[in-house]
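Visitor: Sequence isn't available, so here's the structure alone:
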């Protein structure tokens, strides 16, 4: 038995076959996806909860899924322009009361760590009103187990595959001695949590297909369609007839980038690789199911790193090609040192229309300090190979990491210019330290993170550079991120001698500089954002400035760049905090 940070680690159980019989009760499980800190209008379907719901039903229990984040956004019409913090809290409290009015025996909450603030309020309110067990999973759970132990009465946390744990938890609820032996289940005991080492099945094929009828899936399809349309060039944008759903073919990642959160980081020395996958046959059947049941015409992959196993991924591409489906695939999860030229061409043949890479930086110094496992030259090759194959390329970048300075930012800018990258091919995230990452530990050592609870209560998933890890001022980091898209667009236009449009972008940059230096954070700025420059208006303006490239210049150019542009890039939940986990 080990003791660490208020956590007691138990010896693994010897034989799961000795488990007592299930209690035979059919319980009502309510699964919640809470809202997130800040003003975040992007909604992804709560796929993690659909996996858990299906597993619980197979064990004989009743399940309801309630997406608070989507419901809040729906009530404000996905427009945060005139919504202040007090109003957001008021609506969140109304949603908490709606939760209390529901009939449930067990409450499950799963999300990312930027949901902690509202989740803590929710948990404490539920515990005041109802004597029901509460279980929390995903990045929101075990990563901050000490906060849940000290500031709430949460009963259980999940770290590992939630589909396995939820069945055992519900079937043996009340048998404390048995629950504390379930691998990956944190059980509250005398104000602390005890946990047995997680176990990870090598194959994911034991997981049943999620039931999309648990949620208003057509609404999520529309949201995904609008977001994808904002990130792709003409000719690739989805149409109103496209039905889009996400798919997760693999889980986990074998890399240890300093800024990236992965569950079970604390167990990496004793567990085999957390990277696991479905079989090709399973995925073909699942895709066929999505096409037949939901009319899916486009898939979005939500894997951490779908191409980790090169041979498996190439086999999957061959299998998809052989099906001759009329199917488009929008993918993230590219890795510069794994991708090959042949892989890019085969992806194109299989229906992939877009790939994104975690390029992060053009500085050899920064990429090494990030522990990315690849080089700037790998980045260059990956981008060029995808372009050759006709894939639309998106580059996820990060500014403000430890060691960042004017020189490293200059290297990044020159790297992107040398590659003739269009403004819509990039998105920049600010370096953000999430619990469970090495960057979080660096922030604590630097004295940037002093009170963990205060930090977690306020950390956001998008557009927030609250702690300056760099060697230059916060303002310089902000200015770089704000202006880089304009500069890349001007470079791209200049290379094609499109001087009229070049002048338009140049003027827009000067106007942006004036706004941020004279109006930003003034009462006029607040007024304009509330009533004039709403999020949709800002996206429209950006689309007009960083507009699609004219097809007359050459069809190939549309794959190099030219969407209206999305300020949020690969996923508006930036900083790699958005990884899908099936933990409750």
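Guide: Cool, the structure landed. Quantities reported herein were computed from a predicted structural model and do not represent experimental measurements.

Visitor: show me where pLDDT drops low in this protein?
Guide: Counting by pLDDT under 70, the ranges of the chain that qualify are 1-7, 9-21, 80-82, 263-273, 462-464, 535-536, 539, 542-584.

Visitor: domain parsing for it?
Guide: The chain breaks down into these domains under automatic domain parsing: 2-196, 216-247+278-431+473-560.

Visitor: can you list those domains in a markdown table and add distance to residue 439 and mean neighbour count?
Guide: Glycine gets a C-beta too; all of them are placed from N, C-alpha and C. Listed next are those as a markdown table, based on distance: least, CB to CB, whole Å; neighbours: other CB atoms under 10 Å:
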| stretch | distance to residue 439 | mean neighbour count |
| --- | --- | --- |
| domain 2-196 | 13 | 19 |
| domain 216-247+278-431+473-560 | 7 | 18 |
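
Visitor: As JSON lines, these with distance to residue 455 would be great.
Guide: As requested, those are arranged in JSON lines below (distance: least, CB to CB, whole Å):
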{"stretch": "domain 2-196", "distance to residue 455": "10"}
{"stretch": "domain 216-247+278-431+473-560", "distance to residue 455": "14"}
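
Visitor: out of those, nearest to residue 466?
Guide: domain 216-247+278-431+473-560 (8.4 Å; CB to CB).

Visitor: now the helices for the stretch 251-400 of the chain?
Guide: Ranges of helices within the stretch 251-400 of the chain are 280-294, 310-323, 341-349, 364-369, 376-389, based on DSSP state H, counting those that start in this stretch.

Visitor: ok, and the closest non-adjacent residue to residue 229?
Guide: residue 237 (4.5 Å; CB to CB, 6 or more residues apart in numbering).

Visitor: Ramachandran angles for that neighbour?
Guide: phi -60, psi 140 (degrees, to the nearest 10).

Visitor: wait, doesn't it sit right on residue 227?
Guide: No. When contacts are counted by CB atoms under 8 Å, residue 237 is not listed as touching residue 227 (11.1 Å).

Visitor: re the thing from before, for residue 479, which of the helices of the stretch 251-400 of the chain is the nearest?
Guide: helix 364-369 (18.0 Å).

Visitor: any idea how far the closest one is from the chain center?
Guide: Its chain's C-alpha centre and that of helix 364-369 lie 23 Å apart, by CA atoms, centre = their mean, to the nearest Å.

Visitor: Out of the domains of the chain, which is closest to residue 204?
Guide: Short answer: domain 216-247+278-431+473-560, nearest of the domains of the chain by CB to CB, at 4.7 Å.

Visitor: picking up where we left off before, got CSV for the helices of the stretch 251-400 of the chain, with distance to residue 405 too?
Guide: Shown next, in CSV, are the helices of the stretch 251-400 of the chain (distance: least, CB to CB, whole Å):
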stretch, distance to residue 405
helix 280-294, 44
helix 310-323, 36
helix 341-349, 34
helix 364-369, 9
helix 376-389, 17
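
Visitor: list the contacts for residue 479?
Guide: Contacts here follow CB atoms under 8 Å, 6 or more residues apart in numbering; on that basis residue 479 touches residue 516.

Visitor: Please identify the helix or strand for it.
Guide: Assigned by DSSP states H and E, residue 479 belongs to helix 474-495.

Visitor: immediately after that helix, which helix or strand?
Guide: Using DSSP H and E, the helix or strand that follows helix 474-495 in sequence is helix 499-514.

Visitor: so which of the domains of the chain gets nearest residue 205?
Guide: Nearest of the domains of the chain (CB to CB): domain 216-247+278-431+473-560, 4.7 Å.

Visitor: picking up where we left off before, what's the overlap in contacts for residue 237 and residue 227?
Guide: By CB under 8 Å, 6+ apart, no residue touches both residue 237 and residue 227.

Visitor: Now residue 456. Nearest residue, chain neighbours left out?
Guide: residue 116 (4.8 Å).

Visitor: Next, the one you found: secondary structure please.
Guide: Following DSSP: H, G, I helix; E, B strand; the rest coil, we place residue 116 in the helix state.

Visitor: Over to the one 5 residues further on?
Guide: Assigned by three-state DSSP, the conformation of residue 121 is helix.

Visitor: residues contacting the nearest residue to it once chain neighbours are set aside?
Guide: Nearest residue to residue 121, sequence neighbours excluded (CB to CB, 6+ apart): residue 96, at 6.7 Å. By CB under 8 Å, 6+ apart, the contact list for residue 96 reads 121, 122, 125, 126.

Visitor: Let's see that with 7 Å instead.
Guide: Counting by CB atoms under 7 Å, 6 or more residues apart in numbering, residue 96 makes contact with 121, 122, 125.

Visitor: and the last one, what element?
Guide: Take DSSP H and E as the rule and residue 125 turns out to sit in helix 116-129.

Visitor: what distance separates that helix from the middle of the whole chain?
Guide: Relative to the chain's own centre, helix 116-129 is displaced by 24 Å; criterion: CA atoms, centre = their mean.

Visitor: what do you get for stretch 88-106?
Guide: On CA atoms, centre = their mean, the centre of stretch 88-106 falls 25 Å from that of its chain.

Visitor: Could you number the chain from 36 rather than 1 from now on?
Guide: Will do, 36 is the new start, and the previous item becomes stretch 123-141.

Visitor: quick one, what contacts residue 139?
Guide: So residue 139 contacts 63, 64, 65, 167 (CB under 7 Å, 6+ apart).
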